[in-house]
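[1] how would this look folded up:
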Amino acid sequence: MSDSDKTKKDDEYENYCYMCKRSEKDAGPFINLPGGMHICRDCMQKSFDSFNNMNFLDLSKLPNINMSQFMPFGDIPESQKVKKKKKKEEGKEDTEKKLSIKDIPAPHKIKAMLDEYVVGQEYAKKVMSVAVYNHYKRVLSDGADDIEIEKSNMLMLGPTGCGKTYLVKTIARLLDVPLAITDATTLTEAGYIGDDVESVLSKLLSVAGNDVEKAETGIIFIDEIDKIAKKKETRSRDVSGESVQQGLLKIIEGAEIEVPVGASSKNAMTPIVTMDTRNILFICGGAFPDLDEIIKRRLNKQSSMGFNADLKDKYDDEKDILKEATTEDLREFGMIPEFIGRLPMVFSLTALDKEMYVRILKEPKNAILKQYQKLLALDEVKLEFDESAYEAIAEEAMKRETGARALRSIIEKFMLDIMYEIPRDDSIGSVTITGDYIAGKGSPVIKLRGME
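    Below you'll find the model as predicted:
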């Protein structure tokens, strides 16, 4: 890369003060020194004040030292450089493609796009479509009047493997906005081992290519949110539970937060940038184990004696009991009311049954069986599954009780020998997987080329 190209590329990124690590946008105009050093006026004044207090030091006797020989001031990693906001010149329109109100698909169109990739979960898809549509209308509206629309942050409840993360990934891909996925299990209170709450913003900034303006309209999905519930019956400091919930309050609600660039925590050598979280959509998800027992206990308080009374075991076989969850149930589980109040959209996803497993195997655009059919089609081999195979795979997945994640491990197991043997035999034209083969009682039906 030539010097002119390097200079042009460097002009796209913010400069940082090499003492306080603030950007020029936050610290004001810099004083540029030899060796590629940039110092803000505050740090320069502090340096002068320190020298004035050192009366014993005669500066005239110090040798002329080039500090850039000892400190590589110009070598900030690419991952820690933040892009400058582009200035719009008068009389010229911004040619860069940006999301506008006209480009936001209506809720029914968002749901129709989700239907192509996600099976079932009709209520969850409907809620997410409306919430995302309203959120981006809020972001892109000019806000000229006095009515301020609040954010539609979401809280998803659902058993493992029911599609929480997949729903968020799909909706971010369809809208082409930055998405950061993080686990709440890694977060701790500031000052303790683990990631600070600001690390969720660092991940979003990284996904957006360190473009602050783009990141400020993205989506953050915090998974395993149930793991930061208040710890019950503990005398030790709850640094990974209630403290994390309190640390997330300002970020989720919307505030200007100092975020470390390219790192999970702040330190003296990490550049800091300010991000406004008012237009970032936060989606939290978790399995919430034992929440069903809290809900059943509340519902069973209505049971009494008599012929028309509700039975105490009335809700024991209810699979979708999480849809009955209320704010009080979540508080009893261990979520603080201030945190729940910042997630107004609370909804649950249903557990998968046998029919839904079969549909997951057949219907989505990128269904796992279609992926294997494409792989074998590259070897000019046709892969088929009969109805008994779908049923057998679904029954095996239900036994494992890990949701849709079980499907891939099951399919990987019985496809291993097929994927190994077929490339070595050019005479094979088609392979049909049967239920007996899935159950280990038979073999796949193989037809040679030219056979009907």
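
[2] low pLDDT regions in the stretch 1-150 of the chain?
    1-11, 35-36, 51-80, 83-101, 142-146 (pLDDT under 70).

[3] which residue ranges form the strands in it?
    Secondary structure of the stretch 1-150 of the chain by DSSP state E, counting those that start in this stretch: the strands cover 30-33, 37-40.

[4] Tell me which of those strands lies nearest to residue 117.
    Residue 117 sits nearest to strand 37-40 of all these, at 46.9 Å, using C-beta to C-beta. Placement of C-beta: from N, CA and C, glycine included.

[5] Just say which of the strands of the stretch 1-150 of the chain is most tucked in.
    Each of the strands of the stretch 1-150 of the chain was scored by mean neighbour count; the highest is strand 37-40, a mean of 20, by mean count of other C-beta atoms under 10 Å.

[6] Quick one: list the elements packing against the lengthiest helix in the chain.
    When the chain is parsed with DSSP state H, its longest helix is helix 122-140. Identification of packing neighbours for helix 122-140 by 3 or more C-beta pairs under 8 Å, 6 or more residues apart in numbering; DSSP states H and E yields helix 107-115, strand 154-157, helix 164-175, strand 345-348.

[7] is it possible to export those to a markdown table including mean neighbour count?
    Output for the helices and strands packed on helix 122-140, formatted as a markdown table (neighbours: other C-beta atoms under 10 Å):
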| stretch | mean neighbour count |
| --- | --- |
| helix 107-115 | 17 |
| strand 154-157 | 26 |
| helix 164-175 | 19 |
| strand 345-348 | 19 |
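
[8] May I have the secondary structure class of the one residue sitting closest to the centre of the chain?
    Note on the chain: the residue nearest the mean C-alpha position is residue 181, at 2.0 Å, using C-alpha atoms, centre = their mean. With DSSP: H, G, I helix; E, B strand; the rest coil as the basis, residue 181 sits in strand.

[9] cool, residue 278 as well?
    The three-state assignment at residue 278 reads coil, by three-state DSSP.

[10] which residues are in contact with the helix or strand where residue 297 lies?
    Following DSSP states H and E, one finds residue 297 within helix 291-299. The contact list for helix 291-299, computed with C-beta atoms under 8 Å, 6 or more residues apart in numbering, reads 157, 226, 314-316, 321-322, 324-326, 328-330, 332-333.

[11] which among the residues you listed end up buried?
    Neighbour counting with 16 or more other C-beta atoms under 10 Å marks 157, 226, 315, 321, 322, 325, 329, 330, 333 as buried within the contacts of helix 291-299.

[12] pLDDT-wise, what's the bottom of these?
    Lowest pLDDT among the buried ones among the contacts of helix 291-299: residue 315, with 62.

[13] Outside of the longest helix of the chain itself, list whatever touches it.
    By C-beta under 8 Å, 6+ apart, helix 122-140 touches 99-101, 104-108, 110-111, 114-115, 118, 149, 151-152, 154, 156, 158, 167, 171, 175, 217, 279, 281, 323, 345, 347-349.

[14] same question, stretch 236-247
    Here stretch 236-247 makes contact (C-beta under 8 Å, 6+ apart) with 184-185, 187-190, 192, 194, 196-197, 227-231, 334-336, 338-339.

[15] Please produce a ChimeraX select command covering the buried subset of the residues you listed.
    Buried subset of these, written as a ChimeraX selection, criterion 16+ other C-beta under 10 Å:
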select :184,185,187,188,189,194,196,197,227,228,229,334,335,336,339
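
[16] Quote the end-to-end distance of stretch 272-290.
    40 Å (C-alpha to C-alpha, to the nearest Å).
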